[in-house]
Structures are given as structure tokens and as C-alpha cells.
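Engineer: Sequence isn't available, so here's the structure alone:
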Ligand SMILES: [Ca+2]
Ligand SMILES: [Ca+2]
Ligand SMILES: [Ca+2]
């Protein structure tokens, strides 16, 4: 294995030199066995690390590595946000050395406990410099952290936006404030890192994501060579100041020196803190909260004092008035009972007005919970069995379901929203075929042995406006033969029992079996390991639904996939099969699709399958393959797939990446 990976290192190096591909944020980390007499010989693992900020303790960086006697070399490029003298800091156990711009900045290649080292070098803003960090672990604990500082910037981990591997970086990046930040001010200064070719920059800012993305409305503000801009001042956009509670979107478009070639950055956003209390802790509808919890929140922007209302009853909290103001932004309601749902509200006093807060809730351990779909889920399959986990004292559950939040909240067993009682052990409800693009609400009341119901929380989800083939949200980690088992392995057939000829392995070895870290939509995706050396890789799902791929005017199969910069290159393909006959195969145009780092959308017109003889009115299987089944190209890697759906693109465009 090591020989092949070492060859691959050279391959990346060539790509980097020729600039024939766009790279990715982070540094390449090569993890070696430590042989002091013969270092850097046995490569055990190679991956992209977005930052170097590791405290492995007595553990190991990966199950494929030992906890002691390993060494790591990180390589890539670094881009400084401002021209300055930078102090690079390492915090390591054990040895470390660092080169920036081929100049050694840190050298402490010795056994030691957690130690700070530093060195300085002057960097020019926007210029990319080579960086190489080497580290070894002898025994005991292992730590390796890389940070930087200047005279005006405090010491901070070197974030991934400043690190780069593998070629050109044409798009603007590195938004400041960070994407999604909440700001407590009446003006905002924005800055960014231009792409490699940007001679000047178009700045777009507005309150509509769509307008900023399209550059429509009055969102174009200026073309400039500078890399920062401000809003909320006289003479600038929003001269009277930015507005509390408002989200602002912005985008940078780089223009090359030729004046016509452009490179678009993504749409970023920041929000000015609202006048209401926000960011509750525990988070809204959090479960299994400690009964001795101290409630906390971020104060409304400009608030002086806070009124807190707390009760087991939603209406009591909603209707409460008056109360005693307090200066601190925390409140201790407990000790609370187990197995209960509680509600709370914080009103913010601004001196001249009091602003009513949202009603938040949480439940203590033992309450009914773990809804699936999770509350707030979007793009949910129109065919979905609702599931939950029983409360500790439940003898049965009462199910409420409807499309109006307040009606579902106030419903009783006499209401149309009451869908009946479910025995303990049957924590599921089938609402039937749901409409597309609708928001649904549901509530599960726990009924105890005395036949007393306890009112549950209101959960919500929104159905997709397309037909969901698989979004991986329904798979769980309960192993068979438990009847509640619904693992990914029972549905996606891979090479697990046929490893000699099929090198596809889907699912994680240990729970969670569906992946929960690299996800496109919802909370889960499908991890897919491939080995296509002298074998093919295919994973196949047999469809319950949708089988009619001509319903609802759909005409395009959309698949989201995520490759990895360190994967061996191969294309990917989709095969669609009927009950009989040969499946029809459509192959992605990129021969190195497995190396595309980041979520990538792939549209396939359904007509392509029909043209190859597939009857679209009764589709039986969908197969995801890597490489070329007839001529396996060799290599291995790991992919992720998510949100496979059938879309009516002609009438309604799907989401852009
Ligand atoms: Ca160790
Ligand atoms: Ca050590
Ligand atoms: Ca998903």
C-alpha cells in the first residue's frame, strides 16, 4: 500500500506545479511510521487536514496509526491576510520543525512534553508561500498545534482559509466577518482574500440572498482594487446604520487584468444581533437536559434588563406579563422533574420598550423524544414513517399531526388532528403520502400507567419539492434482529460479501453507520469506500419508491457527491435497472470525479436512461459505481453521496450549489 501512496504523492506534486487543477483549503498531512534511523519511509495514512490543531492525548490520529512512534509532514501553501511580520507558534509533544517560504522558522526536533516554540517571518498580503510542518511523537501524550499572530492580531490557530494545496485558487475566499457571524454594532467592515487572478473586485451587498447571488436590484455597490469595504456609514450603503435583527448577504466577484474574465465567490452572510433575546442554551427543543440546568441566552442588542418566564405549560409562558426584571443573562429554574417538557421566554427591556421573546422549550431525561424526521428537517421524503423514542414512564402514546402549528399544539383527542393511540413498542405513525413542499407539525403525548397524558413538544418538518430517491435520513444504528433495525447495510448492497470482485464498501464500520460529519442535506449521508484494483466497485439500492420516474413531471436525476483531494482518480457512474434486462449506465464526464473535494451536484436527464432502453415507469434499481466496471483503473479512496432526487427542472430550477 505504501508504494502506491508514495507514487500518488508525486502525482499531486505534478498537478501543483502545472496548475492544471484547482486545489482546496487545508494542508496535506502524510502520517508515517517513526523509524529514527530511516525516517519518512513507511507512509501509513495521507489525508487533507483543514487545520493543524491536534491534541491526541494518549490516543492516535487514526485507527490505522499507532498511538506512539509516528511522524507527520504537512505541506501546502499559506496566504497572509495582511502584510506584516508574522510570529508562527507551535505547541507540540514531541518534536517539531517548521519552514515558511523555504526558511526554517522553528526547530525543536527533540523529545519533550507540551512545549511552545515560535519564530518570525515577514509575509506580503495575498501572496502564496510554501509551508512545511514536521512533527514526531515518541511516546506518552501527543500534541501538535500551529497558530500565528502579528502585532495587531492575537494568536489564533491558522484557519483553513489561509491554507491551500494543489494549484490555483481563482475564487475569492476568507470572508471577514466569518460567514454566518452575529454582530453587535451599527456598522460593519468587511474584508476577504481575493482569488489568485483578481486585479479588481466587484462588491455586492444586500438583504436578499437571490439578488446578491444574481447581482440584481441595487446590490452592486462598487468596483475597487482594495480588499475591504464598509457599510452602515454616511456615504456608504445603509448610511443610517445597519438594522438590528437583519441578515445581510454579500459576494465578491474578482475581475482579471483583462477586464472581462471574472471569478465569483460564494454568497456570504452576517446578521446584526436582534433586539430580542437569542441563542438560548439549552438550544430550543433540546432533549435530555440536566434537571439542574442554568438557562442562558445572548441579550438583545441594546437591552438593559431581562424578564424571564418559565413553566411546564406553553400557554402560561406565552400569556405571561410583568415579572421581575434582572440584570444577568442566566436563570436557574430547577431542580426540575425528569421526563418533562418545559417552556421559557425572555423579554428584553430596552428602557423605552420591552420586546417579547420567542418561546423556547427543552425536555429532561426520560421524556418522549428523538423524532425522525428530526424537528426542522427540510426536503423530507413525501413517503415517510414518523418515528420517536418512548418516554420512560410511557404506557402508550397519543399522536397528533397537522399543518397548523397552533392547531396541533392545542389539539385534543376530540380534534381532527388526533391520529389515535399507539401501544408501547410501536413508536411510529404513517401519515400516508404527503404533499410536496409543505410544512407539517406533529406532537406525541406520553400516556402513563394512570392514563394521564403529558403534552409533548411540537415537532416540524417540510417535505421536498421533488421526489426523494434517497437522502439517508431514515437509516438508524440498531442492529438486526431488533425489529426497529433499519441500517444502511440492509438497503444498499455492496461488495461486503463479495470482496474479491466488488470493491465497494458502504457505511461506516462502527455507528453511526451512515455518515454524520460530511453531509449535504439533513444529518446523514452515505460513506462509500472503493478499491478498484483488479475489481469493480458498485453499490445498489432496490427501490420501494419512487419507482415511477415519470410522475410529477420529473425529468432530471440529481445526485450530490463529495470526493476527496487524496482519493485515487476515477470517474463515477450511475446505472438504472428494470426488473429484467441490462441496466443503463451514465458516466460522469470528469475522469477524476473522485478527487473533486466538496459537495458537487450532478444532473442527469432521465431521457438518457430511456434512450438506453430503460422503462422509466417502473424503475427497480439504482447503482452507484466507481471507475469503469469492464476496465478497472486501479486505486482506492472514499466518497460520500447524498440527496438523490428526481426533479422537474424545466418548470422549477433546483438549488444551485
Ligand atoms: Ca502517544
Ligand atoms: Ca509524546
Ligand atoms: Ca442526507
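Structural biologist: Arrived safely. All values derive from a computational prediction rather than experimental measurement. Ligands and ions are numbered 1, 2, ... in the order given.
Engineer: tell me what the helix or strand containing residue 316 is packed against?
Structural biologist: Per DSSP states H and E: residue 316 is located in helix 314-319. Contacts defined by 3 or more C-beta pairs under 8 Å, 6 or more residues apart in numbering; DSSP states H and E place helix 314-319 against strand 305-311, strand 341-349, strand 359-363. Yep, even glycine has a C-beta here, placed from its N, CA and C like the rest.
Engineer: Now do the buried residues in stretch 173-187.
Structural biologist: 173-177, 183, 186 (16 or more other C-beta atoms under 10 Å).
Engineer: can you give me the strands for the stretch 301-450 of the chain?
Structural biologist: Applying DSSP state E, counting those that start in this stretch to the stretch 301-450 of the chain gives strands spanning 305-311, 330-331, 341-349, 354-355, 359-363, 369-372, 377-380, 386-389, 396-402, 418-423, 428-429, 439-447.
Engineer: With mean neighbour count as extra columns, can I get those in JSON lines?
Structural biologist: Listed next are the strands of the stretch 301-450 of the chain as JSON lines, based on neighbours: other C-beta atoms under 10 Å:
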{"stretch": "strand 305-311", "mean neighbour count": "19"}
{"stretch": "strand 330-331", "mean neighbour count": "14"}
{"stretch": "strand 341-349", "mean neighbour count": "23"}
{"stretch": "strand 354-355", "mean neighbour count": "17"}
{"stretch": "strand 359-363", "mean neighbour count": "21"}
{"stretch": "strand 369-372", "mean neighbour count": "20"}
{"stretch": "strand 377-380", "mean neighbour count": "20"}
{"stretch": "strand 386-389", "mean neighbour count": "18"}
{"stretch": "strand 396-402", "mean neighbour count": "21"}
{"stretch": "strand 418-423", "mean neighbour count": "15"}
{"stretch": "strand 428-429", "mean neighbour count": "16"}
{"stretch": "strand 439-447", "mean neighbour count": "22"}
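Engineer: ok, back up a step: who touches the helix holding residue 316?
Structural biologist: Helix 314-319 has contacts (C-beta atoms under 8 Å, 6 or more residues apart in numbering) with 309-311, 343-345, 359, 361, 409, 455.
Engineer: Just the closest of those residues to ligand 3, please.
Structural biologist: residue 361 (25.6 Å; C-beta to the ion).
Engineer: List the residues that contact that closest one.
Structural biologist: Counted by C-beta under 8 Å, 6+ apart, residue 361 has contacts 284-285, 314, 341-344, 457.
Engineer: what's across from it in the sheet?
Structural biologist: residue 343 (DSSP bridges).
Engineer: Any figure for the gap between it and ligand 2?
Structural biologist: Using C-beta to the ion, to the nearest Å, one obtains 46 Å as the distance from residue 361 to ligand 2.
Engineer: Which residues of the chain lie near ligand 3?
Structural biologist: 471-472, 521-522, 524, 642 (C-beta under 5 Å from the ion).
Engineer: can you do 8 Å?
Structural biologist: 471-473, 514, 519-525, 642-643 (C-beta under 8 Å from the ion).
Engineer: Kindly confirm whether my reading is correct that residue 123 touches residue 80.
Structural biologist: Yes - the criterion here is C-beta atoms under 8 Å, and residue 123 meets it with residue 80 at 3.8 Å.
Engineer: hmm, back to that, out of the buried residues of stretch 173-187, which one sits closest to ligand 2?
Structural biologist: Nearest to ligand 2 among the buried residues of stretch 173-187, with distances taken as C-beta to the ion, is residue 174, at 33.4 Å.
Engineer: can you pull the buried residues of stretch 487-496?
Structural biologist: Buried, per 16+ other C-beta under 10 Å, within stretch 487-496: 487-489, 491-495.
Engineer: for stretch 103-121, same thing?
Structural biologist: For stretch 103-121, by 16+ other C-beta under 10 Å, it's 105-106, 117-119, 121.
Engineer: so residue 148 bridges to which residues?
Structural biologist: residue 88, residue 156.
Engineer: List the residues that contact it.
Structural biologist: Applying C-beta under 8 Å, 6+ apart, we find residue 148 in contact with 86-89, 155-156, 158.
Engineer: could you dump the residues you listed to JSON lines with distance to ligand 1 and pLDDT?
Structural biologist: As requested, the contacts of residue 148 are exported to JSON lines (distance: C-beta to the ion, whole Å; pLDDT from 0 to 100):
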{"residue": "86", "distance to ligand 1": "30", "pLDDT": "98"}
{"residue": "87", "distance to ligand 1": "28", "pLDDT": "98"}
{"residue": "88", "distance to ligand 1": "24", "pLDDT": "98"}
{"residue": "89", "distance to ligand 1": "22", "pLDDT": "98"}
{"residue": "155", "distance to ligand 1": "26", "pLDDT": "96"}
{"residue": "156", "distance to ligand 1": "26", "pLDDT": "96"}
{"residue": "158", "distance to ligand 1": "24", "pLDDT": "97"}
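Engineer: Show me which of those residues are buried.
Structural biologist: 86-89, 158.
Engineer: Report all helices and strands that the strand ranked longest in the chain contacts.
Structural biologist: If you go by DSSP state E, the chain has its longest strand at strand 636-647. Secondary-structure packing of strand 636-647 (3+ C-beta pairs under 8 Å, 6+ apart): strand 467-470, strand 526-531, strand 556-563, strand 621-626.
Engineer: List the contacts of whatever helix or strand comes next after the longest one.
Structural biologist: Moving toward the C-terminus from strand 556-563, the next helix or strand (DSSP H and E) is strand 572-577. Contacts made with strand 572-577 from outside it, assessed by C-beta under 8 Å, 6+ apart, are listed as 538, 540, 557, 559, 561, 583-588, 593-594, 602, 604, 609, 614, 619-626, 629, 639.
Engineer: Quick check, central residue of the chain?
Structural biologist: In the chain, the centroid-proximal residue (C-alpha atoms, centre = their mean) is residue 519; its distance is 5.3 Å.
Engineer: Does it touch residue 643 like I think?
Structural biologist: No - contact criterion C-beta under 8 Å: residue 519 and residue 643 do not qualify, at 9.4 Å.
Engineer: count of neighbours near the residue lying closest to residue 41 once chain neighbours are set aside?
Structural biologist: Of all residues not flanking residue 41 in the chain, residue 35 sits nearest, at 6.2 Å (C-beta to C-beta, 6 or more residues apart in numbering). The number of residues packed around residue 35, counting by other C-beta atoms under 10 Å, is 12.
Engineer: Can you add distance to ligand 1 and pLDDT and give the residues of the chain next to ligand 3 back as TSV?
Structural biologist: Below are the residues of the chain next to ligand 3 laid out as TSV (distance: C-beta to the ion, whole Å; pLDDT from 0 to 100):
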residue	distance to ligand 1	pLDDT
471	40	97
472	35	97
473	38	95
514	31	97
519	31	97
520	35	97
521	38	96
522	37	96
523	33	96
524	33	98
525	32	98
642	35	98
643	40	98
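Engineer: ok, of those residues, which one's closest to ligand 2?
Structural biologist: When those are compared against ligand 2 (criterion: C-beta to the ion), the nearest one is residue 519, at 34.1 Å.
Engineer: Tell me if that closest one really is in a helix.
Structural biologist: No - with DSSP: H, G, I helix; E, B strand; the rest coil as the criterion, residue 519 is assigned coil and is not in a helix.
Engineer: for the residue lying closest to it once chain neighbours are set aside, what are its contacts?
Structural biologist: Among residues not flanking residue 519 along the chain, residue 525 sits closest, at 4.7 Å (C-beta to C-beta, 6+ apart). By C-beta under 8 Å, 6+ apart, the contact set of residue 525 is 472, 514-515, 518-519, 562, 640-642.
Engineer: Could you tell me which residues make contact with residue 205?
Structural biologist: 190, 212, 219, 221, 229, 231, 237, 248-250.
Engineer: Could you measure from residue 143 over to ligand 1?
Structural biologist: From residue 143 to ligand 1 the distance is 10 Å (C-beta to the ion).
Engineer: after the worst-scoring helix or strand of the chain on mean pLDDT comes which helix or strand?
Structural biologist: When the helices and strands of the chain are scored by mean pLDDT, DSSP states H and E, helix 2-18 comes last with a mean of 34. For helix 2-18, the succeeding helix or strand toward the C-terminus, using DSSP H and E, is strand 24-25.
Engineer: No further questions, thank you.
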